[in-house]
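*Asks:* 3D, please:
(4 chains)
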Protein chains: 2
Amino acid sequence: MKKYNDTTYAILGILTTDCKSGYEVKQLIDRSLHHFWKISYGQIYPALKLIVEEGLAEVSPASSSGRSDKREYHLTEKGLETLRQWLAKPLDHLPSERNEVLLKLFFGQYVSIEKKLVLLQDYERQLRIRYETYVSIEQNIQELYPDEADAKYWLFTLDYGKRVAQAGIDWCVETSHLMKKEG
Amino acid sequence: MKKYNDTTYAILGILTTDCKSGYEVKQLIDRSLHHFWKISYGQIYPALKLIVEEGLAEVSPASSSGRSDKREYHLTEKGLETLRQWLAKPLDHLPSERNEVLLKLFFGQYVSIEKKLVLLQDYERQLRIRYETYVSIEQNIQELYPDEADAKYWLFTLDYGKRVAQAGIDWCVETSHLMKKEG
DNA sequence: GCTCTCATGTAACAGGTTACATGATTGT
DNA sequence: ACAATCATGTAACCTGTTACATGAGAGC
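*Replies:* Modelled structure (predicted):
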């Protein structure tokens, strides 16, 4: 089975939903996967071209809805199988996340303690905003789609985001406290 | 003040330590910053060239140590100032981390519950390995540099890594449990 | 003599962002 | 008529990885 990049698999996944055009793929990712996956048109359109070339989807110019230039992509059997294969494969290595705040803190001796505290406070503030965003998305999902089977999985991903954000917030609080005490 | 990319600032930071050559920069990052920052020679050498061109460092071929081809980079006043400016500037936006596991889970309806559980177990296992790695680095630092001023900052970054890894582990356990119960 | 570590560098590639160009449709 | 949104696409650019080439010195 030929390998593609994760962006291509993400698009394959979206094409299983009601979103069938490049524009709609972008909309869905921005709305629902934004907290752990991003994408730009510069990736989507070339990827869709590749997907068709590889026989993973077929394109039909959907003139039915009146919009003559809208192109609808429908997964083929091969496309669905390719997606399933990828979904069933556990990751071979953890991605290592770079962290600019930690990088700055690593060279902490070159700045005053006040500036380091500002750095931590700012990070904490942004993590709290992120946390609250996740909570409100969560509430929206629970209100709007109380029965949908997919909703369960969406909530799992949000729970992850909340936990990691909370761990970061706790670290900021604790580290600020230690820095104040020890100087 | 001209802006450079974070990789360049990271190198500037390393050049404040005893590590003065491209090779030594790579060594230090691999040994001490690896859990939140990575770098390759393909970035280091071009970046060092730029750093010299911009007057942030001066290069002296250090024939003193016998090795004629080793190039030692020393920060200029401008270089140190550039580093300080960057260190004092809080981040303007949280980097969004992509997560392949969450992406797969998002399309969870297309795979069996067994495969999803394997995915989570595998993720959990790798997070636990990561956590243990951090603990052992932590112990090494405490034994080898009990007095060093820098050590405090290194331990802060490791604490962050441990907290985030633990949050991920907790999520794996909880999510596996919920999936088993609800089907 | 051989291997390992030290040491510097480049070229090709892969992945992703941004800015731009283009034009249709919908709502006010 | 005008603005907003829908809709597709490309080119230039930035960042980073991988593979490769090269060679010196140290230890066995």
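
*Asks:* Kindly state the beta-bridge partners for residue A:58.
*Replies:* Judged by DSSP bridges, the bridge partners of residue A:58 are residue A:74.

*Asks:* list the contacts for it?
*Replies:* For residue A:58, the contacting residues are A:52, A:73-74, A:76, by Cβ atoms under 8 Å, 6 or more residues apart in numbering or on different chains. All C-beta atoms are positioned from the backbone trio N, CA, C, and that covers glycine.

*Asks:* now swap in residue A:174 and tell me
*Replies:* Going by Cβ under 8 Å, 6+ apart, residue A:174 touches residue B:159.

*Asks:* Quick one: neighbours of the residue of chain A found nearest DNA strand C, just the number.
*Replies:* Per Cβ to the nearest atom of the strand, residue A:42 is where chain A lies closest to DNA strand C, at 2.6 Å. Residue neighbour count, defined by other Cβ atoms under 10 Å in any protein chain shown, stands at 8 for residue A:42.

*Asks:* Identify each buried residue in the helix or strand where it lies, please.
*Replies:* For residue A:42, the host element (DSSP states H and E) is helix A:41-53. Buried residues in helix A:41-53, counting neighbours by 16 or more other Cβ atoms under 10 Å in any protein chain shown, are found at A:43-44, A:47-48, A:51-52.

*Asks:* Same question for stretch A:92-109.
*Replies:* A:97-108.

*Asks:* Within reach of chain B, which of those residues are there?
*Replies:* Among the buried residues of stretch A:92-109, the residues within reach of chain B (Cβ under 8 Å from any Cβ of the partner chain) are A:97-108.

*Asks:* before we move on, back to that, out of the buried residues of stretch A:92-109, who's nearest residue A:31?
*Replies:* residue A:97 (23.5 Å; Cβ to Cβ).

*Asks:* mind giving me the domain ranges of chain A?
*Replies:* Segmentation of chain A into domains, based on automatic domain parsing, reads A:6-88, A:100-182.

*Asks:* can the last one be found next to DNA strand D?
*Replies:* No - in this structure, domain A:100-182 remains apart from DNA strand D according to Cβ under 7 Å from any atom of the strand; the gap is never smaller than 10.0 Å.

*Asks:* Could you tell me the end-to-end distance of that domain?
*Replies:* Length of domain A:100-182, first residue to last, Cα to Cα, to the nearest Å: 23 Å.

*Asks:* Quick one: distance of that domain to the chain centre.
*Replies:* Distance, stretch centre to chain centre, for domain A:100-182: 16 Å (Cα atoms, centre = their mean, to the nearest Å).

*Asks:* low pLDDT regions in chain A?
*Replies:* Applying pLDDT under 70 to chain A flags residues A:62-69, A:183.

*Asks:* how about the strands in it?
*Replies:* Taking DSSP state E as the criterion, chain A contains strands spanning A:57-61, A:71-75.

*Asks:* doesn't residue A:72 make contact with residue A:59?
*Replies:* Yes - with contact taken as Cβ atoms under 8 Å, residue A:59 and residue A:72 are classed as touching, separated by 6.9 Å.

*Asks:* Please go through chain A and pick out the longest helix.
*Replies:* Taking DSSP state H as the criterion, chain A has its longest helix at helix A:149-182.

*Asks:* which parts of that one are buried?
*Replies:* Quick answer for helix A:149-182 (16+ other Cβ under 10 Å): A:152-172, A:175-176, A:179.

*Asks:* Mind checking if the helix holding residue A:42 is in reach of chain B?
*Replies:* No - judged by Cβ under 8 Å from any Cβ, helix A:41-53 and chain B are separated, with a smallest distance of 12.3 Å.

*Asks:* which residues make contact with that helix from outside it?
*Replies:* A:4, A:7-8, A:11-12, A:22, A:25-26, A:57-59, A:73, A:79.

*Asks:* Most neighbours among the residues you listed, which one is it?
*Replies:* Ranked by neighbour count (other Cβ under 10 Å), the contacts of helix A:41-53 have residue A:11 at the top, with 26 neighbours.
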